[in-house]
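K.L.:
with the input below, show me the fold.
(3 chains)
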Amino acid sequence: MTAAHPLLEADRVLVDYPVKGWRRPPFRALKGISLTVGAGETVGLVGESGSGKTTLGRAILGLAPVTGGEIRFEGRTISGLGKRERRALSKDIQVVFQDPYTSLNPAMSVGDILTEPLLVDGISRAEAERRVRSLLDEVHLPADAARRLPREFSGGQRQRVAIARALSRDPRLIVCDEPVSALDLSTQSRVLDLLIEIQELTGVAYLFVTHDLSVVRHISHRVAVMYRGEIVEEGDAATVTSEPAHPYTRRLLLAAPVPDPARQAGRRAERHRFLAAQAAPDH
Amino acid sequence: MSLFLLRRLGAGLVLVFVIATATFFLTSVTGSDPARRIAGTQASAAQVIAKRHELGLDRPVLTRYTDWLSHAVRGDLGTSWFSNQPVTGLVGQALPVSLSLVLAATVLTAAVSIVLGVVAAVRGGWVDHVLQSISIVAFAVPNFLVGMVLALLLAVELGLFPAVGYVPLAGDPAGWLASITLPSIALAVGAIATVASQTRGSMIDVLRQDYVRTLRSRGLPVRSVLLKHALRNAAPTSLTVLSLQFIALIGGAVVIEKVFGLTGIGARATSAASQGDVPLVLGIVVVTVVLVVVVNLLVDVVLGWLNPKVRIA
Amino acid sequence: MSQPIDIDIDVAGGPARPPLPGAPRPGVLRRLLRKPAAAVSLAFVAVVAVAGALAPQLTANSPTASEIANALAPMGGNHPLGTDGVGRDVLAQLLYGSRTSLTGALIVVAVSLLIGLPAGVLAGYHRGWFDGLANWLGSLVMALPAIIVLLVVLAQWGRSTALAMTVFGFLIAPGVFRLVRSSVIAVREELYVDAARVSGLGDARIMRRHILPVVVAPTVIQASQLLGIAIVIQAGLEFLGLGSANQASWGGMLSNAFQNVYFAPRLLLWPALAIVLTVTAFCLIGNALRDALGAADAGRRARRRTDAAAGPVVTAAHDAAAQDPPADALLAVQDLHAAYPRPDGTESVVVQGVSLTVRRGEILGLVGESGSGKSQTAFSVLGLLPPQARTSATRLLFDGQDLRGLSPAAMNKLRGRRIGYIPQEPMSNLDPSFRIGAQLTEPMRHHLGLSRAQARTEALRLLERVGIADPARVFASYPHQVSGGMAQRVLIAGAVSCDPDLLIADEPTTALDVTVQAEVLDLLRELQAERRMGVILVTHDFGVVADLCDTVAVMQSGRIVETAPATELFAAPRHPYTRMLLDATLEDSTPRSARAVATPAAPSRSVLDLGGDR
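P.N.:
Presented below is the predicted three-dimensional model:
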């Protein structure tokens, strides 16, 4: 068993992107990130744009170059794998992207999209059809969805298709890159509940990347807060999202408006006090 | 900006060098024996050898190349094998004719294309349909055919313009204009079709942009939104296409010059090529490519001015 | 390259065939034939091809045999179309010439595709050094005027149309290369390609399933245009006398006709018609292909706009007893409708029967999910819907002035001056080609008649007011030089620059980070208070509503389902839809971390099972 190793382990990961221009130093998107995700666990990764949260997800998926440190899956180093080994890993690590409009090929039927990952194993048509039916059922889409094109579905339904695609080979870990931030409010919570339901059923782990503290609080067991390529705070989701220790997390929390005029007025005042205290010379 | 231009200038020089070198070896190493061709089929072997020595063709090709190159960088492109005149002079005489033609056609293309493209993009509807149909026809009719028809109708039948010949600009500006009017119109027709439809396309794209709506929300006059803001943003694409069309116009001029009996670069190139006058052919290729590089540099300057992202790196 | 080659073996009766979007499937051909222009063009090209192929059967005359004695013979008799200046049969030349032209055109397309297509795919997909080299070579070749190169080549190797067309294929290959490369790069960036990669698909499979299908459509369209260009260039060479000797050609016919243009201008007619019609046919086929293949593309572009409500416009029962707007109403809208025509003649209604009022100094939140019509309502008031939109209202009063049927010029006097607008996306709403200062001063100079210097002073003051630390630097900057949050402040400064009475803000903070959003909300609140503006705030975020709004109108499917003071709406939502939306907010949900970690349903496999690749 894998008790000795967490499911996923990022160990002082560095990611550099080359900067256009002659002899410019590369841009360091991740400055030594360490993070673990256990089996069946959801770890939320919160941050604003440019914090590097998406880059970490892409590095785990092998879509961003890891310049330093290591990423290990069940104890085995997976950063810097060759193409063939990386492909073998696709069975265990999957992804759901943010934009349900561009993450599905508009010219392929939902059935074809869902069979795509199965092609790698080479399975029979009957088996593929059976699998597609059960996947659609798992994400609560009608069976006839397989014959239709992505554009015939709403954003939330498309995201269900993307989730089904991620599930098709029974992965151990799904990197969810802002999977609900392009969705409407009412759809958002339903998709989140679907993800939770699937996790409880299959024991899959999520690395859940988002900018939204309330989303992360709803779905995560643990939370890591990222700021400018570093993790500034990490811990139990309830604690981090309600009594943050780091000033940045605090600023993030106080900036999120509450859907209640009176409480929001209070939070706004608290935020102003906090910012004033931060700006004070003795701080 | 200046660094950017310096880089482009360097790239242009490399381009001229590479093409000149490639052309030199292509024309020197392959093909039939030029000495035999020039001396004539009746010539004896000794005469051919003498001719070969006279032309310097008995020297190793690399020596000939470095020799040619060292003269070329000083502006001496060698001597024509047939007329025994310096290539630089021959090209120099022909250049004003072709330049007048090509530049007039370029100006015409730019002016007409902008108007047609903008009107088609903004008006839409039947105006757009008519313009698109015209541009298909303009694309399909070879420019020399347009030239022949123009010459027949406006020059021969109506006598409005001279049908053949070139009048230098310096002596008689009106005559000059009359002599290049029909050729440059004939030359420009195809280019107009291409550039106008490109301008139409990029204008339509720009008009769909969010900032156009925001500019309109500020209550700015339609004229300013269209001609100041939208056109400025659509211009780079059109200009890039225009610079490619400029190269096509240089090629097209070769044929048009024949129709209108103009002794420009094209006429020189045609006869030099059919005679196998290697130094002249080489000289023409070099001058043409230099011309293209200069125009591309100018386009880069304008593009830099139009697009702040290029200018401010 | 050393990466393993992914050999694609379709398992016997394997999963459904990968569809080829945009590839010329039978459906595309059928769609093509349904267009009259394309059908006629295809038929014409077919006729030309058959005429060329069957030339010996169609005429007994040789295209090259000249009877000097019978030069310039008129039409009729043994020579149905007469003879040319050296006594060659015109009809025979025309027929055999079509053979020459089409063969030459096919050579050009074949050569340019053979080079441009693989090079473009490779350069676009793998980038790196090959991309750089191929691009450089391409720009090198593109800097050469084709005819001059052809002159040089033909002078070296002798007159040959086939050789000339092969070389021309090389010269035009960079065009194909660039097109293919750019479409490959565009697809490569798509998330679905990333998803395929994460799914474990190899390069070859990704190429076949996702990349090549997208390349096919533009390449086919370009090929049909290249066929036309090739015919024109070939005719030009032949006209110069550089075509193959002893081979009939349309360009050669034109050359002969040109020499005899004063004696027999009719000789121009046949080759000219042949060239122009054939090239036009290829051009029309290309255009029709673009339309037929573009359908999928259009669908792709349209996907962002979801139709709110289907069905025909219901002419709302005009409420005779419609209550008059309150006396202090700044904006009074009643029974507003907006609809877009669909291609099939019906209409897609996006706003149906919206009524709302905004008082001076009041902030009205217009809340709804995507497609609810909230932005369309805002743009209707601004008069900024696309031209094809149809709008109507029984009342549209701004400060007592009827906006319905106002001339564009009169509307322009209100927009920017008395009604300000703040857009959603900061970066895409600033003109990238002009400095921020110029964009701020232009409306002030236009509306308020300020001088350049006055407008500059005012703009700097505004920039400072919206919280920009270094107004002079931002004033002199281009939009791409400032951050998104800064750009949004600039847009807010622009919206309030002429001191409007009404501000329409369309999701003004949606594109911003949450910390920046909080600052921008503070700014909006302050500006609104100090200028006593009426505000319509379009948003989907109840947190933003709670922060800023006095009154809330909830929209669903183009209708307002509930309007109430903000405190009331949050405390006691009346409409079920409002209740559903408020319940969906996650703010007060129980943190998940309280629950136990789920136990894996299946036992984990050992690490060694993972790859199976050694």
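
K.L.:
now for the residue lying closest to C:Asp513 once chain neighbours are set aside: which residues touch it?
P.N.:
Distances taken as CB to CB, 6 or more residues apart in numbering or on different chains put A:Glu48 closest to C:Asp513, at 4.0 Å, once the chain neighbours are dropped. (C-beta placed from N, C-alpha, C; glycine too.) Contacts for A:Glu48 (CB atoms under 8 Å, 6 or more residues apart in numbering or on different chains) come out as A:211, A:227, A:252, C:513-515.

K.L.:
most neighbours, which of those residues?
P.N.:
Using other CB atoms under 10 Å in any protein chain shown as the neighbour test, the contacts of A:Glu48 are led by A:Leu252, with 26 neighbours.

K.L.:
that residue is in what secondary structure piece?
P.N.:
In the assignment (DSSP states H and E), A:Leu252 maps to helix A:247-255.

K.L.:
could you list the buried residues of the next helix or strand after that helix?
P.N.:
Scanning forward in sequence from helix A:247-255 by DSSP H and E, the next helix or strand is helix A:261-279. Under the neighbour-count criterion of 16 or more other CB atoms under 10 Å in any protein chain shown, helix A:261-279 has A:261, A:264, A:267-268, A:271, A:274-275 buried.

K.L.:
which element is residue 64 on?
P.N.:
No chain specified, so I'll use chain A. Residue-wise, A:Ala64 maps onto no helix or strand under DSSP H and E.

K.L.:
not quite, go with chain B.
P.N.:
helix B:61-72.

K.L.:
now the angle from the following helix or strand past that helix to helix B:61-72?
P.N.:
Sequence-wise, the next helix or strand downstream of helix B:61-72 (DSSP H and E) is helix B:87-123. Put simply, helix B:87-123 runs at 70 degrees to helix B:61-72, going by axes from the mean of the first three to the mean of the last three CA atoms, to 10 degrees.

K.L.:
report whether helix B:87-123 contacts chain C.
P.N.:
No: residues of helix B:87-123 are not located near chain C by CB under 8 Å from any CB of the partner chain, the shortest gap being 9.9 Å.

K.L.:
packing partners for that helix?
P.N.:
helix B:125-140, helix B:173-207, helix B:231-259, helix B:265-275, helix B:278-306 (3 or more CB pairs under 8 Å, 6 or more residues apart in numbering or on different chains; DSSP states H and E).

K.L.:
flag every buried residue along it.
P.N.:
B:87-88, B:90-91, B:94-102, B:104-106, B:108-110, B:112-114, B:116-122.

K.L.:
and for stretch B:34-52?
P.N.:
Applying a neighbour-count criterion of 16+ other CB under 10 Å, one finds B:34-35, B:37-39, B:43, B:48, B:51-52 buried in stretch B:34-52.

K.L.:
and the furthest pair within the residues you listed?
P.N.:
Pairwise distances across the buried residues of stretch B:34-52 (CB to CB) peak at 12.6 Å, for the pair B:Pro34 and B:Ala43.

K.L.:
if we go by neighbour counts, what in the helix or strand bottoming out on mean pLDDT in chain A is buried?
P.N.:
Between all helices and strands in chain A, the lowest mean by mean pLDDT, DSSP states H and E belongs to helix A:83-89, at a mean of 88. When neighbours are counted by 16+ other CB under 10 Å, the buried residues of helix A:83-89 are found to be A:85-89.

K.L.:
same deal with stretch A:110-129?
P.N.:
Result for stretch A:110-129 [16+ other CB under 10 Å]: buried residues A:110-120, A:123, A:128-129.

K.L.:
checking the residue nearest the centre of chain A next. Helix, strand or coil?
P.N.:
In chain A, the residue lying closest to the centroid (CA atoms, centre = their mean) is A:Cys176, at 2.6 Å. Secondary structure, DSSP: H, G, I helix; E, B strand; the rest coil: A:Cys176 is strand.

K.L.:
which residues sit in contact with it?
P.N.:
Contacts of A:Cys176 (CB under 8 Å, 6+ apart): A:95-96, A:195, A:206-209.

K.L.:
how about these in JSON lines, adding secondary structure and distance to chain C?
P.N.:
Output for these, formatted as JSON lines (DSSP: H, G, I helix; E, B strand; the rest coil; distance: CB to the nearest CB, whole Å):
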{"residue": "A:Val95", "secondary structure": "strand", "distance to chain C": "5"}
{"residue": "A:Val96", "secondary structure": "strand", "distance to chain C": "9"}
{"residue": "A:Leu195", "secondary structure": "helix", "distance to chain C": "11"}
{"residue": "A:Tyr206", "secondary structure": "strand", "distance to chain C": "11"}
{"residue": "A:Leu207", "secondary structure": "strand", "distance to chain C": "13"}
{"residue": "A:Phe208", "secondary structure": "strand", "distance to chain C": "10"}
{"residue": "A:Val209", "secondary structure": "strand", "distance to chain C": "14"}
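
K.L.:
tell me the SS of C:Glu331?
P.N.:
Actually, residue C:331 is Leu. It isn't Glu. Quick answer, by three-state DSSP: C:Leu331 is strand.
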